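> The following comprises the amino acid sequence and a computationally predicted model.
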Amino acid sequence: MHNLAITSNISQSEYLPFRNSKGELNYREIVNFLDLDKNAVSKIAGVSKKSVRYDHKIPREVREHLNQISNICQLVAEFFDGDPEKTSLWFSTPNPVLGDLSPRDMLRFGRYKKLLKFIVNAREEAGSGKETSA
């Protein structure tokens, strides 16, 4: 399936409750799910700690990075059939393939692109054994 490859880095479903009733991302929910403090968010987004906020005045850099992180969380949740506890545990557990860092720490250190690549590759490997017909 060619379409799978082009969308393999984008979650196809919303498993984790990161959106409000209007369909807008609730950035505070993402931060709470990953247990990130303002210091971590400021480092992730490359903004000062004082400018980190999650309301309608959220800095563009924070919004963009949290959008990407939300997608990563949804991709992992999809793998765990939407189970938020397993997804949360995966993010907080050191992973030997990631140099014994937890995925949450990868995000905190600004390595979300490397983490996304790892997740996409793992999903593709898992998916290659599942598809039997097109």
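Sure thing, it's come through. Numbers count the residues shown, from 1 in each chain.
> For the longest helix seen in the chain, name the packing helices and strands.
Criterion DSSP state H: the longest helix present in the chain is helix 60-79. On a contact count with 3 or more Cβ pairs under 8 Å, 6 or more residues apart in numbering; DSSP states H and E, helix 60-79 meets helix 27-34, helix 38-45, helix 84-92, helix 103-108, helix 112-128. For glycine as for every other residue, the C-beta is placed from the backbone atoms N, C-alpha and C.
> average pLDDT for it?
Helix 60-79 shows an average pLDDT of 96 in the prediction.
> Ser92 and Asp55, how far apart?
Remark: distance between Ser92 and Asp55 (Cβ to Cβ, to the nearest Å) = 27 Å.
> do you know which of the helices and strands packed on helix 60-79 lies nearest Thr7?
The minimum distance between Thr7 and the helices and strands packed on helix 60-79 falls on helix 112-128, with 10.2 Å, by Cβ to Cβ.
> buried set for the closest one?
Applying a neighbour-count criterion of 16 or more other Cβ atoms under 10 Å, the buried positions in helix 112-128 are 112, 115-116, 118-120, 123.
> From the chain's centroid, how far away is that helix?
Averaging C-alpha coordinates over helix 112-128 and over its chain gives two centres that are 12 Å apart (Cα atoms, centre = their mean, to the nearest Å).
> Next: stretch 84-100.
Relative to where its chain is centred, stretch 84-100 has its mean C-alpha point 12 Å off (Cα atoms, centre = their mean).
> Could you dump the helices and strands packed on helix 60-79 into CSV and include distance to His65 and mean pLDDT?
What follows is those, written out as CSV (distance: least, Cβ to Cβ, whole Å; pLDDT from 0 to 100):
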stretch, distance to His65, mean pLDDT
helix 27-34, 10, 97
helix 38-45, 5, 95
helix 84-92, 16, 97
helix 103-108, 9, 96
helix 112-128, 7, 88
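> closest one to Leu75 among the ones you listed?
The minimum distance between Leu75 and the helices and strands packed on helix 60-79 falls on helix 112-128, with 5.3 Å, by Cβ to Cβ.
> Name the nearest residue to Ser48, ignoring sequence neighbours.
In this structure, Ser48 finds its nearest non-sequential neighbour in Ser42, 6.1 Å apart by Cβ to Cβ, 6 or more residues apart in numbering.
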